[in-house]
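A.B. asks: coords please:
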Amino acid sequence: TSIRNKEQQRLEMLIDGEAVCEIDLNASQPSLFSLLTGIRMNTGDTWVDAYAAVVDQLDSTDDAKLLRKKVKQIIVEIMGTGNPYRTGPADSKENLFDILEQGKLEYNSIRNSCLEVIPALKELNREYMNATGFLSYHEANILTETLLRLKGMGIVAYGVHDCVIVKCFCKDEAIDTYRDIIRNYVLKVQKKSGVPKVVTDVALSFEELGSDKVKLSGSYK
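C.D. replies: So this is what the prediction gives:
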């Protein structure tokens, strides 16, 4: 089943017979990692999508959607391995880069732009500061806190990775709650870790069946 088909199936679900909405954290891994390490992204005071912010810095005539996918592939791979200076793509069927030397050059060039726009990625390491260690722990805590608070508000919600699924008419409350949980959770981690304080409203997206995805910009306070 393709990713698109899975997303479509989620939006076709019903809660108590009512249509649902999916709320996602845009570019969740680099956005959340940056916040938890107290290092602002070089996107200005507002942004919509950290991956797209990298694309904007690239000197390329390629299609923007394809470039965004390449940026995402690189960030997912370096965060997964904990190696910010990875020199080539993973050997997988999802690889978007040419396996020849030109593909490696493009990979390294885009990776350098990723590190420039999202400098927190330089803090990655193989031991714990990576997607499968540090980040997955905090992602799970944030999602759990979000679902529990929504439950306390009488809102039925389901979590899938970095997204929350609620009834469409609960969308605004869920967006505000998700942002509030992330903001306060991050502040607690920053204080405990002794890193700089970075306060934000994260960039989110929401999508309903039959409608285009709507992206909400994030902002530093």
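A.B. asks: give me the number of residues near the nearest residue to Ser34 once chain neighbours are set aside?
C.D. replies: Using C-beta to C-beta, 6 or more residues apart in numbering and skipping the chain neighbours, the partner closest in space to Ser34 is Ala120 (4.1 Å). Placement of C-beta: from N, CA and C, glycine included. Residues near Ala120, counting by other C-beta atoms under 10 Å, number 23.
A.B. asks: confirm that Ala120 sits in a strand.
C.D. replies: No - checked against DSSP: H, G, I helix; E, B strand; the rest coil, Ala120 lies outside a strand; its state is helix.
A.B. asks: do you know how far it is from Val198?
C.D. replies: Between Ala120 and Val198 the distance is 10 Å, computed by C-beta to C-beta, to the nearest Å.
A.B. asks: identify the contacts common to these two.
C.D. replies: Ser34, Ile39 (C-beta atoms under 8 Å, 6 or more residues apart in numbering).
A.B. asks: contact partners of the worst-scoring helix or strand of the chain on mean pLDDT?
C.D. replies: One helix or strand of the chain scores below all others by mean pLDDT, DSSP states H and E: helix 3-11, with a mean of 78. By C-beta under 8 Å, 6+ apart, the residues outside helix 3-11 that reach it are Thr1, Val20, Glu22, Val160, Ile165, Glu207, Glu208, Leu209.
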